[in-house]
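Novice: Predicted model and sequence below, questions to follow.
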Amino acid sequence: MERVTISLEDGLLGEFDDYIKRKGYENRSEAIRDLLRQRLEADRLAEDRADQAVACLSYVYNHHQRELSRRLASAQHAHHDLVLSTLHVHLDHENCLEIAVLQGNTGAVRSFAEATIAETGVRHGNLHLVPTEMVSGHHHHGADAHAHDHMHSHPKT
């Protein structure tokens with residue numbers, strides 16, 4: 001890890017230190033690293049330089065809305081290659097919170113999420129995308145077990 005020195009005006013540093021305290025960071029370095037990752041991630045996504053991504057899609061919907069539950073489930077089955085897992089929470093008599101963990105081509109993930117959020121009856125839709133790159137994994141299981149290769153989805157920053 002390389003050490004860098006930066007210069008900040010007193011007012012900006014004061015605000016930053018307040019931010020660090022409020023957010024519970026242990027030190028300035030960890031907070032700076034997080035802010036840099038967020039900016040770089042947003043920049044990559046904005047410029048469509050992230051080919052692959054993992055994402056968390058969350059939304060609230062009214063399960064009494066005609067056919068909506070079935071349409072949402074059908075869409076997830078139709079895109080089973082993108083949907084790793086879903087969590088379904090019953091909030092009250094009418095509303096459900098659903099969270100889908102997605103992985104795949106960034107454009108496909110974004111399109112699926114936008115189509116889901118656009119469904120009539122879906123509210124509070126939010127997509128959190130994390131750019132990833134595919135890296136080869138190599139594991140040995142036990143002393144004389146055979147090794148196998150596979151791909152991992154690794155966060156870019």
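Specialist: Here it is on my side, so go on.

Novice: Report the beta-bridge partners for V89.
Specialist: Going by DSSP bridges, V89 is paired in beta bridges with L97.

Novice: any low-confidence regions in the protein?
Specialist: 46-50, 134, 136-151, 156-157 (pLDDT under 70).

Novice: Show me which helix runs longest in it.
Specialist: Ranked by residue count and defined by DSSP state H, the top helix of the chain is helix 28-46.

Novice: Same question for that helix: list its buried residues.
Specialist: A31, E41, R44, L45 (16 or more other Cβ atoms under 10 Å). Backbone N, C-alpha and C define where each C-beta goes, glycine included.

Novice: Let me have these in TSV, extended by distance to E133.
Specialist: Below are the buried residues of helix 28-46 laid out as TSV (distance: Cβ to Cβ, whole Å):
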residue	distance to E133
A31	25
E41	13
R44	11
L45	14
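
Novice: ok, of the residues you listed, which one's closest to E9?
Specialist: A31 (17.1 Å; Cβ to Cβ).

Novice: I figured that closest one hits K23, correct?
Specialist: Yes: taking Cβ atoms under 8 Å as the definition, A31 is a contact partner of K23 at 7.0 Å.

Novice: coming back round to it: can you spell out which helices and strands pack onto the longest helix of the chain?
Specialist: If you count contacts as 3 or more Cβ pairs under 8 Å, 6 or more residues apart in numbering; DSSP states H and E, helix 28-46 packs onto helix 10-23, strand 122-139.

Novice: rerun that using 10 Å as the cut-off
Specialist: Using 3 or more Cβ pairs under 10 Å, 6 or more residues apart in numbering; DSSP states H and E as the contact definition, the elements that helix 28-46 packs against are helix 10-23, strand 52-62, helix 106-118, strand 122-139.

Novice: Okay, now the sheet partners of the last one, with direction.
Specialist: Paired neighbours of strand 122-139 in the sheet (DSSP bridges): strand 52-62 (antiparallel), strand 148-155 (antiparallel).

Novice: Comparing the ones you listed, which comes out most buried?
Specialist: strand 52-62 (a mean of 20; mean count of other Cβ atoms under 10 Å).

Novice: chain center to it, what's the gap?
Specialist: In terms of Cα atoms, centre = their mean, to the nearest Å, the centre of strand 52-62 is set 8 Å apart from its chain centre.

Novice: If anything else comes up later, I'll come back, but that's it for now.
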